[in-house]
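>>> this one's sequence-less:
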């Protein structure tokens, strides 16, 4: 008899939990008190409860992806519209897990492990748990944010005239002054290099001290070469410096340097005239070079499965995605399409390519595997994509094409 009563109680409790799960109550939003500069607020987002859709023939429930909320001041920026952060499950046909509207404000993002860090132009930095959606903290930094880098030692946010160093767990921030400018950052094992185009600052993670690095010329591009040091492109010169600033080697190239990147044991330099030069990291010797259409701009992509990926944009209208053999620069495959704003490395021998907000997973043989759509829509759709912790993170916005 006692056993029968217990089983009856358990059954009633289970029925109550089930009915609560499929409730269609409207989502609520918990407002966040915005912190003052260089402070942080630990908080959690409010996620709308799943809404029950019509049952299928197999009686399965159709549950739309939850919407995440974080309260920020309203903005009316003239540059961007409808900024959205969205996370998709890594699968044969990815599904949207959640999305977050960030208003009409320029936003930078970086990912690390199971977290995504976003920094808004108007000085707010947030850490989100990717799965499930959740806000770890919201911190405030100086306005005019130009970049964010997340590494084990912290989250680094560059503004026009300062560098904020934010604790990844607590969200507390310290600030260091920088010369005014649009800053580019390159993270090394112990040092962060920051440049506004006219000077380079080396920030030591351990001592929390910053020191200037004399390049003697305008800095056009920075890249991290891991333990080897920081790569600096300026004028027609590419050079490698140790993270303490000592010169390792310098190499003059045929034309001015537009951008540099380090992949495996090589350094790749894109030229303003439309070409690339690949250098040996240890010596600076030229391994190979390749010319593209005169006047085209070059975007350096990932190194994957023995191939170097290069995006050639000719006159801002035609894009060619080149698969080049990393050993000698010979052409493996060329794919021509409308302008691709970006592309990113992906697991399982796929690349993520972006065209008008459509993110497509493409095989190394240029076969499309799947496509997802980001939320931004308007005059032009732009998307930055990253893959981390088995999830796809997309930051999208609408903007007028220039």
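Yes, it's here. Note that the structure is a prediction, hence the values are computed from the model and not measured. Numbers count the residues shown, from 1 in each chain.

>>> ranges for the helices of this structure?
2-21 (DSSP state H).

>>> and the gap between the residue nearest to the spatial centre of it and residue 154?
Centrality entry for the chain: nearest residue to the mean C-alpha point is residue 110, 4.2 Å, by C-alpha atoms, centre = their mean. As judged by C-beta to C-beta, to the nearest Å, residue 110 and residue 154 stand 12 Å apart. To be clear about C-beta, it is placed using only N, CA and C from the backbone, and glycine gets the same treatment.

>>> how about residue 217?
Shown here: residue 217 relative to residue 154, a distance of 30 Å by C-beta to C-beta.

>>> with neighbour numbers in mind, choose between those two.
residue 154 (18 against 13; other C-beta atoms under 10 Å).

>>> not counting residues beside it along the chain, what's closest to the more buried one?
With C-beta to C-beta, 6 or more residues apart in numbering as the criterion, residue 154 has its nearest non-adjacent residue at 5.3 Å, and that residue is residue 165.

>>> one more: residue 160?
residue 144 (3.9 Å).

>>> does the one you found touch residue 162 like I think?
No - with contact defined as C-beta atoms under 8 Å, residue 144 does not reach residue 162; the gap is 9.3 Å.

>>> these two: which is more packed in?
residue 162 (20 against 16).

>>> residues contacting the more buried one?
141, 142, 175, 176, 177, 178 (C-beta atoms under 8 Å, 6 or more residues apart in numbering).

>>> show me which of the residues you listed are buried.
141, 142, 175, 178 (16 or more other C-beta atoms under 10 Å).

>>> and the first one, what is it in contact with?
Meaning residue 141. Counted by C-beta under 8 Å, 6+ apart, residue 141 has contacts 37-38, 119, 123-125, 157, 159, 162, 164, 166, 173, 175.

>>> of these - the most surrounded one?
Busiest of these [other C-beta under 10 Å] is residue 157, holding 31 neighbours.

>>> chain neighbours aside, what residue packs nearest to that residue?
That would be residue 164: by C-beta to C-beta, 6+ apart, it lies 4.3 Å from residue 157.

>>> one more: residue 76?
Distances taken as C-beta to C-beta, 6+ apart place residue 104 nearest to residue 76, at 5.9 Å, with adjacent residues excluded.

>>> the one you found: how many residues sit nearby?
17.

>>> that one: what's it in contact with?
Counting by C-beta under 8 Å, 6+ apart, residue 104 has contacts 75, 76, 77, 80, 81, 82, 83.

>>> turn those into CSV, including pLDDT, distance to residue 397 and neighbour count.
What follows is those, written out as CSV (pLDDT from 0 to 100; distance: C-beta to C-beta, whole Å; neighbours: other C-beta atoms under 10 Å):
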residue, pLDDT, distance to residue 397, neighbour count
75, 81, 12, 15
76, 75, 14, 8
77, 75, 10, 16
80, 88, 4, 22
81, 88, 7, 19
82, 89, 6, 17
83, 92, 5, 25
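
>>> take those residues and keep only those in strands.
80, 81, 82, 83 (DSSP state E).

>>> can you list the low-confidence ranges for the stretch 1-150 of the chain?
Within the stretch 1-150 of the chain, the stretches with pLDDT under 70 are 1-67.

>>> can you show me the strands along it?
Secondary structure of the stretch 1-150 of the chain (DSSP state E, counting those that start in this stretch): strands at 40-42, 67-68, 80-89, 96-103, 107-112, 115-120, 124-129, 134-140, 145-151.

>>> nearest to residue 228, out of those strands?
With C-beta to C-beta, the closest approach to residue 228 among the strands of the stretch 1-150 of the chain belongs to strand 145-151: 16.9 Å.

>>> pairing partners for the closest one, with directions?
Here strand 145-151 has these sheet partners by DSSP bridges: strand 154-159 (antiparallel).

>>> quick check: angle from the partner strand to strand 115-120?
20 degrees (axes from the mean of the first three to the mean of the last three C-alpha atoms, to 10 degrees).

>>> how far off centre is strand 154-159?
14 Å (C-alpha atoms, centre = their mean, to the nearest Å).

>>> same question for stretch 391-402.
Distance of stretch 391-402 from the chain centroid (C-alpha atoms, centre = their mean) equals 11 Å.

>>> list the contacts of that stretch.
By C-beta under 8 Å, 6+ apart, stretch 391-402 touches 79-90, 94, 97, 106-107, 109, 111, 116, 118, 130-131, 352, 357, 359, 372, 374-387.

>>> which of the residues you listed count as buried?
By 16+ other C-beta under 10 Å, the contacts of stretch 391-402 give 80-88, 94, 97, 106-107, 109, 111, 116, 118, 130, 352, 357, 359, 372, 374-376, 380-387 as buried.
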